[in-house]
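A.B. asks: Structure for this input, please:
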Amino acid sequence: MSSDAGNHLYYGDNLDILRGQLPDESVDLIYLDPPFNSARDYNVLFASPKGERSEAQIVAFKDSWEWGEQAEREYAEIVRSSNTDVAEMIQALRRFLRENDMMAYLVMMARRLLELSRVLKPTGSLYLHCDPVASHYLKIVLDGVFGKTRFASEISWKRSSAHNDAKQGRKLPGNIRDVILFYTKSENWVWNWLYTPYDEEYIQNFYSHTDEETGRRYQLGDLTAARPGGDVSYEFHGTRPYKGRYWAYSRENMEKFYEEGRLYFPKNGGVPRYKRYLDEMPGVPLQNDWADIRPVLPDEYLGYPTQKPLALLERIIQASSKEGDVILDPFCGCGTAVHAAQKLGRKWIGIDITHLAIALIEKRLKGAFPGIAFDVHGTPRDLSGACDLAARDKYQFQWWACSLVNAQPYQGRKKGADGGIDGLIYFQDEPKAHKKIVVSVKGGENVNVAMIRDLAHVVEREKAEIGVFVTLNPPSKPMLADAIKEGYYVSPTIDGAFPKLQILGIEDLLNGTKKALYPDLSQGAITFKKTKAEQKAGNQKKLF
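C.D. replies: Numbers count the residues shown, from 1 in each chain. Below you'll find the model as predicted:
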């Protein structure tokens with residue numbers, strides 16, 4: 001198992017990685033936003049130029065929770081597990097729900113939650129992000145995994161102001177909230193109080209006074225108490241507390257307040273009152289209704305449909321961890337949790353089952369934190385690793401190979417009508433004009449000249465400027481000769497001619513001896529949205 005639990009990105013099934021790489025009680029905070037069987041695919045909408053059709057949409061992950069052999073096998077493992085509470089709970093749920101997609105989802109989540117509980121430190125916490133469709137079942141599973149008394153809170157996040165599921169003919173209110181289930185490993189969990197700003201109505205009602213000299217808003221506080229405590233019956237600047245009341249502060253402190261201008265003396269006489277300034281108050285202690293965090297902001301959006309706002313993850317990490325702690329996201333998607341962890345000075349571990357997500361996170365982190373160093377596990381680093389991936393899963397291989405040339409994977413997991421296109425690159429070599437490069441990936445042993453001719457036809461059909469042929473095995477001389485025959489693309493603004501058809505071997509791409517050649521004023525910003533660089537790792541956003 002890995003002894004260095006921090007700054008690691010893993011490709012693969014999180015159940016396997018949790019079992020094989022993470023030791024017991026090695027993680028301080030877990031956030032997970034697992035996919036749910038919503039009977040639809042989740043698409044990644046890349047930063048395609050305006051006017052391009054949906055070929056730039058691909059399936060990032062497919063909700064695959066369905067009852068079958070895998071669900072039955074994992075169910076049997078839960079029943080035999082040492083956690084008898086979970087074993088009994090999952091059997092009761094199966095009797096109630098029967099064998100269906102929801103039950104398969106709960107079985108697979110239970111297996112992973114048991115492992116997540118194992119790797120969590122006694123002082124750690126877990127936040128499970130879900131929607132109301134499954135939250136009540138997941139809460140029961142979590143009670144079994146962590147114990148009946150380890151439920152901390154159910155947080156509601158208002159993810160949008162309105163939703164189109166609230167429409168005529170549908171007898172349900174619009175669903176605009178997500179649920180975040182908050183559990184702790186023990187009674188001694190890490191908690192840092194956070195505060196949110198007062199709303200305007202509260203300020204107007206309770207801080208209705210304004211200091212004439214400074215313009216600072218304040219409220220008036222009582223300086224008296226119902227019971228005496230020391231010398232609290234003295235006269236202060238000609239005033240005494242009302243009958244039956246006593247000063248709440250010593251004479252020394254009252255004089256200090258006076259010298260600091262903190263006292264308000266009523267014009268008609270009477271007992272002075274204390275000025276409590278608004279700008280000195282911390283705000284409202286964090287509640288469990290998070291309607292103040294907006295959905296993903298436009299300058300933050302990477303095109304990932306299930307992407308969560310950075311502010312949401314920053315709040316969770318700030319509340320339930322300390323600098324240097326290890327944050328784990330086992331369904332890391334586009335990497336918001338690991339981004340927030342890096343920004344706030346925490347170590348992190350991210351796991352995802354698609355090479356697409358891993359490539360997206362790598363780009364995101366390197367864009368946000370120039371010079372960042374982290375380990376990526378499970379991604380091919382040499383030719384033998386690439387061969388192994390191609391043999392195991394050709395579509396994952398294609399996604400990964402596209403990332404080597406900074407291309408968007410084309411279409412979805414099911415090839416179908418891809419039209420000979422595996423990836424797309426957009427570039428810009430003159431103002432207000434985007435141009436296209438078609439990428440074809442071949443992971444098989446046999447590549448031949450006919451494939452180069454096919455790519456030339458695709459480039460012509462798609463009105464693309466360049467075609468890139470990425471191959472696992474070395475190209476033949478006839479293939480290279482045919483590619484040269486296609487000539488060159490000459491940029492109208494940038495000096496140089498670029499081969500119309502380019503053949504790139506995986507091994508050459510891995511060792512950096514070759515790359516796709518094309519002019520690009522946008523530096524890749526048309527193909528993939530650039531992540532804005534953070535000012536400094538460890539800086540925390542102000543809550544006010």
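
A.B. asks: where along the stretch 351-500 of the chain do the strands fall?
C.D. replies: 375-377, 408-409, 423-430, 433-442, 466-471, 488-490, 497-499 (DSSP state E, counting those that start in this stretch).

A.B. asks: Pull the residues that contact stretch 132-149.
C.D. replies: 36, 38, 83, 85-86, 88-90, 93, 102, 105-106, 109-110, 113-114, 117, 126, 128, 130, 150-151, 154, 175, 177, 179, 181, 183-185 (C-beta atoms under 8 Å, 6 or more residues apart in numbering). To be clear about C-beta, it is placed using only N, CA and C from the backbone, and glycine gets the same treatment.

A.B. asks: Over to stretch 430-438?
C.D. replies: Contact with stretch 430-438 is made by 49, 407, 420-421, 423-429, 455, 458-459, 462-468, 491-493, 516, 518, 521, 526, as judged by C-beta under 8 Å, 6+ apart.

A.B. asks: Buried by neighbour count: which residues of that stretch qualify?
C.D. replies: By neighbour count on 16 or more other C-beta atoms under 10 Å, the buried set for stretch 430-438 is His434, Lys435, Lys436, Ile437, Val438.

A.B. asks: try stretch 176-192
C.D. replies: The neighbour-count check on stretch 176-192 (16+ other C-beta under 10 Å) flags Ile176, Arg177, Asp178, Val179, Ile180, Leu181, Phe182, Tyr183, Thr184, Lys185, Trp189, Val190 as buried.

A.B. asks: ok, now stretch 244-262?
C.D. replies: Within stretch 244-262, the residues scored as buried using 16+ other C-beta under 10 Å are Arg245, Tyr246, Trp247, Ala248, Tyr249, Met254, Phe257, Arg262.

A.B. asks: Would you tell me which helix is longest in this structure?
C.D. replies: When the chain is parsed with DSSP state H, its longest helix is helix 101-119.

A.B. asks: From the structure, what's the count of residues near Gln398?
C.D. replies: 27 (other C-beta atoms under 10 Å).

A.B. asks: correct me, but it touches Ser440?
C.D. replies: No. In this structure, Gln398 is not within contact of Ser440 by C-beta atoms under 8 Å, at 9.6 Å.

A.B. asks: what sits in contact with each of those two?
C.D. replies: Common neighbours of Gln398 and Ser440, counting by C-beta under 8 Å, 6+ apart, are Asp422.

A.B. asks: List buried residues within the contacts of stretch 430-438.
C.D. replies: Applying 16+ other C-beta under 10 Å to those flags 407, 420-421, 423-429, 455, 458-459, 462, 464-468, 491, 516, 518, 526 as buried.

A.B. asks: who's in contact with Val449?
C.D. replies: Val449 makes contact with Ser476, Pro478, Met479, Asp482, according to C-beta under 8 Å, 6+ apart.

A.B. asks: quick check, distance from stretch 464-471 to the centre of its chain.
C.D. replies: 32 Å (C-alpha atoms, centre = their mean, to the nearest Å).

A.B. asks: which outside residues touch that stretch?
C.D. replies: 401-402, 404-405, 407, 422, 425, 427, 435-442, 447, 451-452, 455-456, 458-459, 475, 479, 483, 486, 489, 498-506, 509, 516, 518.

A.B. asks: how about low-confidence regions in the stretch 51-200 of the chain?
C.D. replies: 51-64, 161-170 (pLDDT under 70).

A.B. asks: so where do the helices sit in it?
C.D. replies: Remark: helices assigned in the stretch 51-200 of the chain by DSSP state H, counting those that start in this stretch are 69-79, 84-97, 101-119, 135-146, 200-206.

A.B. asks: any idea which of those is most buried?
C.D. replies: helix 101-119 (a mean of 22; mean count of other C-beta atoms under 10 Å).

A.B. asks: what angle do that helix and helix 84-97 make?
C.D. replies: Following axes from the mean of the first three to the mean of the last three C-alpha atoms, to 10 degrees, one obtains 170 degrees for the angle between helix 101-119 and helix 84-97.

A.B. asks: Who are the packing partners of helix 101-119?
C.D. replies: helix 14-21, strand 27-32, helix 69-79, helix 84-97, strand 120-130, helix 135-146 (3 or more C-beta pairs under 8 Å, 6 or more residues apart in numbering; DSSP states H and E).

A.B. asks: Render the CA-only coordinates of it in PDB, please.
C.D. replies: What follows is helix 101-119, C-alpha atoms only, in PDB (Å, rounded to 0.1, in the frame of the first residue of the first chain):
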ATOM      1  CA  ASP A 101     -31.100  -0.300 -10.500                       C
ATOM      2  CA  MET A 102     -31.500   1.500  -7.200                       C
ATOM      3  CA  MET A 103     -30.600  -1.600  -5.300                       C
ATOM      4  CA  ALA A 104     -27.500  -2.200  -7.500                       C
ATOM      5  CA  TYR A 105     -26.500   1.400  -6.800                       C
ATOM      6  CA  LEU A 106     -26.800   1.000  -3.100                       C
ATOM      7  CA  VAL A 107     -24.900  -2.200  -3.000                       C
ATOM      8  CA  MET A 108     -22.000  -0.800  -5.000                       C
ATOM      9  CA  MET A 109     -22.000   2.400  -2.800                       C
ATOM     10  CA  ALA A 110     -22.100   0.300   0.400                       C
ATOM     11  CA  ARG A 111     -19.000  -1.600  -0.700                       C
ATOM     12  CA  ARG A 112     -17.100   1.600  -1.400                       C
ATOM     13  CA  LEU A 113     -18.300   3.400   1.800                       C
ATOM     14  CA  LEU A 114     -17.000   0.500   3.900                       C
ATOM     15  CA  GLU A 115     -13.600   1.100   2.400                       C
ATOM     16  CA  LEU A 116     -13.900   4.800   2.800                       C
ATOM     17  CA  SER A 117     -14.700   4.400   6.400                       C
ATOM     18  CA  ARG A 118     -11.600   2.200   6.800                       C
ATOM     19  CA  VAL A 119      -9.200   4.800   5.400                       C
END
